[in-house]
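J.: Below is the structure, and that's it, no one-letter string:
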């Protein structure tokens, strides 16, 4: 079998990083969801004062179940991709679909529902950059095989 190109190796490393970060993020969601909401609101307040609405802390765990499920799935997809990056490119695409969807919905809900800075954080400081970084590495890896 042909050796991986430098760009494929870089994508493989990126997917290993995502395994750790998605796994850690899921663990944080599980053990400290209220703390996370307070930190997002505190960050916005410390920088922007009262310019943005506060995102309310959820009173139940229904949505947390879905968020945790997504984090487990993203961790799994990233793990599967990095095992054999050439055969696992479809897993990378699935990660990108998830991240562009969440980025889009964060922005949608910011404009349609509540002007909470947490939505901007989700779109421009976490999921949006994850999508862009992964997309760049993905394109570079694809282009390196020609």
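T.: Thanks, I have it. Keep in mind that what you see is a predicted model, and the values were worked out from it rather than measured.
J.: give me every residue that touches the most centrally placed residue in the chain.
T.: When Cα atoms, centre = their mean is applied to the chain, the residue found nearest the centroid is residue 127 (4.1 Å). In this structure, residue 127 makes contact with 99, 102-103, 106, judged by Cβ atoms under 8 Å, 6 or more residues apart in numbering. C-betas here are computed from N, CA, C, even on glycine.
J.: Check what pLDDT it gets.
T.: The per-residue pLDDT reported for residue 127 equals 98.
J.: Doesn't it belong to a helix?
T.: Yes - under DSSP: H, G, I helix; E, B strand; the rest coil, residue 127 sits within a helix.
J.: and the gap between it and residue 18?
T.: Going from residue 127 to residue 18 by Cβ to Cβ, to the nearest Å gives 12 Å.
J.: cool, residue 40 as well?
T.: Taken as Cβ to Cβ, the span from residue 40 to residue 18 is 21 Å.
J.: just residue 85 next, same as before
T.: Distance from residue 85 to residue 18, by Cβ to Cβ: 12 Å.
J.: swap in residue 111?
T.: 28 Å.
J.: Residue 106 now?
T.: Relative to residue 18, and taking Cβ to Cβ, residue 106 is found at 18 Å.
J.: Of these two, which one has the most company?
T.: More crowded of residue 106 and residue 18, by other Cβ atoms under 10 Å: residue 18, with 24 against 20.
J.: Mind pulling the model confidence for the closest residue to the more buried one other than its chain neighbours?
T.: Excluding the flanking residues, the one nearest residue 18 by Cβ to Cβ, 6 or more residues apart in numbering is residue 78, at 4.0 Å. Looking at residue 78, its pLDDT stands at 98.
J.: for residue 78, what are its contacts?
T.: Residues near residue 78 by Cβ under 8 Å, 6+ apart: 15-16, 18-19, 22, 91, 95.
J.: Buried subset of those residues, written for PyMOL?
T.: Burial among the contacts of residue 78 is assessed by 16 or more other Cβ atoms under 10 Å; the matching PyMOL selection reads:
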select buried, resi 15+18+19+22+91+95
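J.: I'm done for today, thanks for sticking with me.
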